[in-house]
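Undergrad: One predicted model, sequence on top.
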Amino acid sequence: MRAVTWHGTRDIRVEDVPDPRIEKPTDAIVRITATAICGSDLHLYELLGPFMDPGDILGHEPMGVVEAVGAEVTGLRVGQRVVVPFNISCGECFMCRAGLQSQCETTQVREQGSGAALFGYTKLYGQVPGGQAELLRVPLADYNTIPVPDEGPDERYLFLSDILPTALQGVEYAQVPDGGSVAVLGLGPVGQFAARIAARRGHRVFGVDPVEERRTMAARHGVEVWEDGDDTVAALRDATEGRGPDAVIDAVGMEAHGSGLVKAAHTVMSRMPRALAKPLMEKAGVDRLAGLHSAIELVRRGGTVSISGVYAGDADPMPMKTLFDKQVTLRMGQCNVKSWVDQLIPLVEDPSDPLGVADLVTHRGGLDEAPGLYETFQKKHDGCIKVVLRPGEGAAA
């Protein structure tokens with residue numbers, strides 16, 4: 001089969017690799033019909049090479065049609081259309097029953113000190129082959145699939161794999177009071193959906209991003225948009241009676257710009273020999289924290305900062321004095337996809353498209369176009385906000 005594979009910093013290739021097969025009786029094989037490039041994939045493209053091996057298959061936002069099932073799979077049939085969540089979990093352990101599938105005790109990657117295994121996401125999370133491929137082996141397939149109707153475009157359902165549940169969790173964790181306000185920092189795909197979900201709930205939503213195309217998209221969905229700048233915090237306080245928003249959602253994570261020194265360290269570590277870079281990245285403060293520091297500065301006293309963006313460092317400086325003084329609540333974590341899907345399916349199936357699912361994808365292409373589309377997405381060229389790949393197809397308009 002053809003698959004998108006990692007070979008080094010900014011070196012993504014599409015290669016012929018062996019087809020996956022049923023390895024355990026609880027497995028299924030899914031033929032992928034649509035798969036997205038996530039902002040988290042750009043961490044692999046740029047930074048997390050010490051935890052990758054050449055040839056690793058990328059991707060954790062796939063959907064498709066079941067092609068084969070193991071002997072113990074009872075809830076799926078060949079030919080069924082499914083979305084595949086990015087967490088791999090069992091649905092039966094203490095953590096899964098508590099709604100924390102991202103901490104699944106059956107698939108935890110204990111040798112790395114990490115939570116549940118993820119598709120296509122480094123040795124830190126199990127080095128499981130990902131979904132930017134023609135075929136995908138899905139472990140514990142009865143639980144790790146979301147059956148969807150046969151009709152309707154893939155893009156109506158595809159984002160149930162990651163970014164829609166991640167956005168909903170971010171809003172839930174933000175604990176915005178009725179009639180309250182929330183600022184969303186970063187209007188990439190997760191930020192777009194978080195802002196729309198919050199607006200749909202009747203909150204006043206401020207969206208902050210330096211990229212004009214992202215602000216324009218968010219404004220179409222009832223978001224008050226602001227360009228990221230030195231005076232943004234002061235301006236948003238002025239807009240909220242001098243207090244700041246009731247909650248702030250950090251949808252930026254470690255891609256946030258702001259520290260040239262840390263950006264330079266990213267570049268150096270991505271090019272160091274793996275044996276030297278890996279311990280540095282495991283224990284050092286490697287994140288650009290401009291977005292998080294802005295969130296903490298902006299949120300009103302007694303408010304909540306909800307962190308959806310991914311951070312990687314274990315020694316990143318945190319403004320503990322400010323957090324304590326302002327009595328700020330922090331909530332964060334890898335999304336627990338299956339906990340939110342039941343709330344989201346009626347919204348994505350609603351013909352009125354209340355979350356604007358049809359208004360997100362800016363770039364589409366066949367699998368062989370992935371290397372160029374990774375570069376376009378990483379550089380935010382051509383108004384690129386979200387990329388969807390269709391294995392077996394050429395470029396789409």
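TA: In hand now; what should we look at?
Undergrad: Let's test this: what are the backbone torsions at the residue of the chain most remote from its centre?
TA: Taking C-alpha atoms, centre = their mean, the residue of the chain most remote from its mean C-alpha position is Glu241, at 33.0 Å. Per-residue torsions, Glu241: phi 60, psi 30 (degrees, to the nearest 10).
Undergrad: Mean pLDDT per helix and strand in this structure: which one sits at the bottom?
TA: Ranked by mean pLDDT, DSSP states H and E, the weakest helix or strand in the chain is helix 260-271, scoring a mean of 54.
Undergrad: just the strands in the stretch 251-397 of the chain please.
TA: For the stretch 251-397 of the chain, the strands defined by DSSP state E, counting those that start in this stretch cover 304-307, 329-332, 363-366, 387-390.
Undergrad: The first one pairs with which strands?
TA: Strands flanking strand 304-307 in the sheet, each with its direction: strand 247-250 (parallel), strand 329-332 (parallel) (DSSP bridges).
Undergrad: quick one on the thing from earlier: turn the strands of the stretch 251-397 of the chain into TSV, including mean pLDDT, distance to Asp19 and mean neighbour count.
TA: The C-beta positions use only the backbone N, C-alpha and C, and glycine is treated the same way. Shown next, in TSV, are the strands of the stretch 251-397 of the chain (pLDDT from 0 to 100; distance: least, C-beta to C-beta, whole Å; neighbours: other C-beta atoms under 10 Å):
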stretch	mean pLDDT	distance to Asp19	mean neighbour count
strand 304-307	96	38	24
strand 329-332	94	38	16
strand 363-366	97	19	19
strand 387-390	98	18	22
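Undergrad: Between the ones you listed, which one is closest to Leu58.
TA: strand 387-390 (10.4 Å; C-beta to C-beta).
Undergrad: From the contact counts, what lies against that closest one?
TA: strand 28-37, helix 154-157, strand 363-366, helix 370-379 (3 or more C-beta pairs under 8 Å, 6 or more residues apart in numbering; DSSP states H and E).
Undergrad: and stretch 2-17, which residues are buried?
TA: Within stretch 2-17, the residues scored as buried using 16 or more other C-beta atoms under 10 Å are Arg2, Ala3, Val4, Thr5, Trp6, Thr9, Ile12, Val14, Val17.
Undergrad: first to last residue in that stretch, what's the distance?
TA: Start-to-end span of stretch 2-17 (C-alpha to C-alpha, to the nearest Å) is 6 Å.
Undergrad: quick one: the helices in the stretch 151-300 of the chain?
TA: Listed in chain order, the helices of the stretch 151-300 of the chain (DSSP state H, counting those that start in this stretch) span residues 154-157, 163-174, 189-200, 212-219, 232-238, 260-271, 274-283, 290-298.
Undergrad: Highest mean neighbour count across the ones you listed, which stretch is it?
TA: helix 189-200 (a mean of 27; mean count of other C-beta atoms under 10 Å).
Undergrad: Give me the angle between it and helix 212-219.
TA: 30 degrees (axes from the mean of the first three to the mean of the last three C-alpha atoms, to 10 degrees).
Undergrad: Figure out how far helix 189-200 is from the centre of its chain.
TA: Taking C-alpha atoms, centre = their mean, to the nearest Å, the mean C-alpha location of helix 189-200 is offset from the chain mean by 13 Å.
Undergrad: How about stretch 174-182?
TA: With C-alpha atoms, centre = their mean, you get 23 Å for stretch 174-182.
Undergrad: follow-up on the earlier one: what I need now is the strands paired with strand 304-307 written out in a markdown table, including distance to Glu46 for each item.
TA: A markdown table is the format used below for the strands paired with strand 304-307 (distance: least, C-beta to C-beta, whole Å):
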| stretch | distance to Glu46 |
| --- | --- |
| strand 247-250 | 19 |
| strand 329-332 | 22 |
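Undergrad: can you tell me which residues contact Gly91?
TA: Gln101, Leu140, Asp142, Tyr143, Lys338 (C-beta atoms under 8 Å, 6 or more residues apart in numbering).
Undergrad: Would you mind giving the strands of the stretch 251-397 of the chain as TSV with distance to Ala71 added?
TA: Formatted as TSV, the strands of the stretch 251-397 of the chain follow (distance: least, C-beta to C-beta, whole Å):
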stretch	distance to Ala71
strand 304-307	42
strand 329-332	39
strand 363-366	34
strand 387-390	31
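Undergrad: and of those strands, who's closest to Asp250?
TA: Nearest of those (C-beta to C-beta): strand 304-307, 4.7 Å.
Undergrad: Which residues does that closest one contact?
TA: Under C-beta under 8 Å, 6+ apart, the answer for strand 304-307 is 170-171, 173-176, 246-250, 253, 292, 295-296, 299, 328-332.
Undergrad: Val82 looks like it's in a strand, true?
TA: Yes: applying DSSP: H, G, I helix; E, B strand; the rest coil, one finds Val82 inside a strand.
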